[in-house]
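[1] Kindly return the folded structure for what I paste below:
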Amino acid sequence: MEYWIRRGDAEYSFDAPEEALIYEAIPRLQAAEDLQDKLSKVRTFIEEAIILVDFMYPLEPYVTVLKNFDTEDSTIFLTSWRLGDERKELKIIQELKNKLSNATILPSFQMKNLSVLQKCTEEAKKLIYVYPMTPLTELIKPGLDNILLKVFLGLEIVVDKTSPNLQYIGIAQSPGRELIDLYYDKAGCHSVYNVELKDQFDCLIISPGGSPYDDNLYHSLQSLFGTYSAVKKGGTIILTAECIEGIGSKEFTRLLGLRKKNVSESDLKNTNLSFEYAFLDFLERVRKYARIYLVSPIPRSIIQPFLDIKVFDTLQEAVQQAIRLHSRSLSVCIVPYGHFTRLTVGKEASLEAQQT
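    So this is what the prediction gives:
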């Protein structure tokens, strides 16, 4: 039987044996019935507020929400750090800024400067942190509790001096660039991304969701976080991604190089307590739990010096390898929107619970 999945701006097919068990995991991604009421509530937050925006694709949901803050009574600071490419992040943030009249770009390196932060927050009576509620948020939730590890920890220290009101607004968005829901509290992944499964699978076939979510390897690999627990221990994860920008993150590449050189874990951790480090640590645990295949035109010479991930030219080749490992009656879960999907099989299916 023939199945299709997106990579970049196109869709690619693969054939699976008739005896294979195939399931497609698609979250409901439906807009909340009370979304307009929640958007109206946003307007009650704006008086003398500073809004710190943690941007993540797509652009349109942020514009919908931030237009409610775009007044002379508030100051909007735009930042982005999840793509791992500062030049690209600044370009995207500039697009968002151009749609607002009262917004300032705050690059990630400035977010670590306490003097800059103090100047930004000294007049604030209220601080609002706007962030995406996609599955990846669960990975950095410990950092969110401290306002995103070192990046926003300095801001929290400054804020405490004047004790303004600290509030959160979580944004749930779809890969189709639509705002789905808002959540006014600290939280992790929004339930709209959940897909409940009865059992784990021999093989996962994951697409981050096509471009722009698979433009580089660093961004593409992030789609594993919400999906890995659905594969059996010793199973196979096939990630299909275009990776037209290569690895994508200088810091992630640097940490990969240090780990490849067998730099001690303590020294590696001390080099930069960052999201890239937290993600690399997660990725290493997944690689010990299940094999990862990458289907991408990215040159093997770019990937293999850093990651022990086998690269295939076509999706069919990767699927055939999985069939050889697990038999023609293997179970396969297809995930077409990896960045916007969290697969849950129960506590027993979590990576941590099954590691020995």
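[2] Can you give me every residue that contacts the most centrally placed residue in the chain?
    For the chain, Leu136 is the residue whose C-alpha lies nearest the centre (CA atoms, centre = their mean; 4.1 Å). Under the criterion of CB atoms under 8 Å, 6 or more residues apart in numbering, the contact list for Leu136 reads 82, 222, 225-226, 339. Where you see a C-beta, it was placed from the backbone N, CA and C, and this is true even at glycine.
[3] And those residues, which of them are buried?
    Taking 16 or more other CB atoms under 10 Å as the criterion, what is buried in the contacts of Leu136 is 82, 222, 225-226, 339.
[4] Looking at those, spot the one nearest Lys67.
    Distance to Lys67, by CB to CB, is smallest for Arg82 among the buried ones among the contacts of Leu136, at 22.4 Å.
[5] ok, Leu39 touching Leu66?
    No. With contacts defined as CB atoms under 8 Å, Leu39 does not count as touching Leu66, sitting 11.1 Å away.
[6] which of the two has more neighbours?
    Leu66 (25 against 15; other CB atoms under 10 Å).
[7] can you pull the pLDDT of that one?
    On pLDDT, Leu66 comes in at 84.
[8] ok, now how distant is it from Phe340?
    In this structure, Leu66 and Phe340 are separated by 21 Å, where distance is defined by CB to CB, to the nearest Å.
[9] which residues of the stretch 101-250 of the chain fall in strands?
    Secondary structure of the stretch 101-250 of the chain by DSSP state E, counting those that start in this stretch: the strands cover 103-105, 126-132, 165-173, 179-183, 194-196, 201-206, 231-240.
[10] can I assume Leu283 sits in a helix?
    Yes. The assignment for Leu283, made by DSSP: H, G, I helix; E, B strand; the rest coil, places it in a helix.
[11] Spit out the contact partners of it.
    Neighbouring residues of Leu283 by CB under 8 Å, 6+ apart: 221, 224.
[12] Now with 7 Å, please.
    Counting by CB atoms under 7 Å, 6 or more residues apart in numbering, Leu283 touches Leu221.
[13] any idea how far it lies from Tyr289?
    Applying CB to CB, one obtains 11 Å for the distance of Leu283 from Tyr289.
[14] Ok, Pro208 next?
    For Pro208, the distance to Tyr289 under the criterion CB to CB works out to 20 Å.
[15] helix, strand or coil for Tyr277?
    Secondary structure of Tyr277, per three-state DSSP, is helix.
[16] Quick check: chain neighbours aside, which residue is closest to it?
    Closest residue to Tyr277 apart from its sequence neighbours, by CB to CB, 6 or more residues apart in numbering: Leu255 at 6.0 Å.
[17] looking at it, Pro135 is touching Val192, isn't it?
    No. Counting by CB atoms under 7 Å, Pro135 stays clear of Val192, with 10.7 Å between them.
[18] Counting neighbours, go ahead and name the busier of the two.
    The residue with more neighbours, out of Pro135 and Val192 and counting by other CB under 10 Å, is Pro135; that gives 25 against 20.
[19] Now do the same for the more buried one: its pLDDT.
    pLDDT recorded at Pro135 is 89.
[20] ok, now which ones touch it?
    Contact criterion CB under 7 Å, 6+ apart gives 189, 193, 225-226, 341-342 as the residues in contact with Pro135.
[21] wait, which of these is closest to Ser331?
    Closest to Ser331, out of all of these and judged by CB to CB, is Thr341, at 17.3 Å.
[22] Look up how far Gly226 lies from that closest one.
    6 Å.
[23] which residues do these two both contact?
    For the pair Thr341 and Gly226, residues contacting each of them under the criterion CB under 7 Å, 6+ apart are 135, 193.
[24] Distance of Asn216 relative to Asp202?
    Taken as CB to CB, the span from Asn216 to Asp202 is 28 Å.
[25] Could you do Gly235 as well?
    According to CB to CB, Gly235 stands 5 Å off from Asp202.
[26] Now the residue lying closest to Leu307 once chain neighbours are set aside: which helix or strand?
    Distances taken as CB to CB, 6+ apart place Leu256 nearest to Leu307, at 6.7 Å, with adjacent residues excluded. With the criterion set as DSSP states H and E, the secondary-structure element containing Leu256 is helix 250-260.
[27] Measure how far that helix is from the centre of its chain, please.
    Average the C-alpha atoms of helix 250-260, do the same for its chain, and the two points are 19 Å apart (CA atoms, centre = their mean, to the nearest Å).
[28] Kindly tell me how buried Gly235 is, as a neighbour count.
    Summarising burial for Gly235: neighbours were counted as other CB under 10 Å, giving 22.
[29] was I right about it contacting Asp199?
    No. Applying CB under 7 Å, one finds Gly235 not in contact with Asp199, separated by 11.8 Å.
[30] quick check: mean pLDDT across stretch 185-201?
    Across stretch 185-201, the per-residue pLDDT values average to 89.
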